[in-house]
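**Student:** return a 3D structure for these sequence lines:
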Amino acid sequence: MDFTYQQEGFLGQPGSTLERISQYKACLEEFLALGYDDSYLQEIRLEMSILLKRRSSE
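**Tutor:** Okay, the predicted model is just below:
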């Protein structure tokens, strides 16, 4: 499976805002524990911050 497809699949998953924030947080915590960071994780952080801002303004 193509890694780009996997990235788009993860970031494009349906679900409530709270579910997606929870998934993103779990992913980031797992990679933090492994000491891993890259541009894809930065995208996840950005998307999570957008969702958190959107949620706080609701």
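
**Student:** mind listing what's buried in stretch 16-26?
**Tutor:** For stretch 16-26, the neighbour count (16 or more other CB atoms under 10 Å) marks 20-21, 24 as buried. Quick note: C-beta positions are derived from backbone N, CA and C, even for glycine.

**Student:** can I get that stretch as PDB, trimmed to CA atoms?
**Tutor:** Extracted in PDB, the C-alpha atoms of stretch 16-26 (Å, rounded to 0.1, in the frame of the first residue of the first chain):
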ATOM      1  CA  SER A  16     -17.000  13.500  15.000                       C
ATOM      2  CA  THR A  17     -14.500  16.200  15.800                       C
ATOM      3  CA  LEU A  18     -13.900  14.800  19.200                       C
ATOM      4  CA  GLU A  19     -13.200  11.300  17.800                       C
ATOM      5  CA  ARG A  20     -10.700  12.700  15.300                       C
ATOM      6  CA  ILE A  21      -9.000  14.700  18.000                       C
ATOM      7  CA  SER A  22      -8.700  11.600  20.100                       C
ATOM      8  CA  GLN A  23      -7.300   9.600  17.300                       C
ATOM      9  CA  TYR A  24      -4.800  12.300  16.400                       C
ATOM     10  CA  LYS A  25      -3.700  12.600  20.000                       C
ATOM     11  CA  ALA A  26      -3.200   8.900  20.400                       C
END
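
**Student:** can you tell me what sits against that stretch?
**Tutor:** 10, 13, 15, 44-45, 47-48, 51-52, 54-55 (CB atoms under 8 Å, 6 or more residues apart in numbering).

**Student:** quick one on the thing from earlier: which ones among the buried residues of stretch 16-26 map onto helices?
**Tutor:** 20-21, 24 (DSSP state H).

**Student:** export the contacts of stretch 16-26 to a markdown table and tack on pLDDT, secondary structure and distance to Tyr36?
**Tutor:** Formatted as a markdown table, those follow (pLDDT from 0 to 100; DSSP: H, G, I helix; E, B strand; the rest coil; distance: CB to CB, whole Å):
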| residue | pLDDT | secondary structure | distance to Tyr36 |
| --- | --- | --- | --- |
| Phe10 | 56 | helix | 15 |
| Gln13 | 63 | coil | 21 |
| Gly15 | 77 | coil | 24 |
| Ile44 | 93 | helix | 12 |
| Arg45 | 94 | helix | 13 |
| Glu47 | 93 | helix | 18 |
| Met48 | 94 | helix | 17 |
| Leu51 | 92 | helix | 22 |
| Leu52 | 94 | helix | 22 |
| Arg54 | 90 | helix | 27 |
| Arg55 | 88 | helix | 27 |
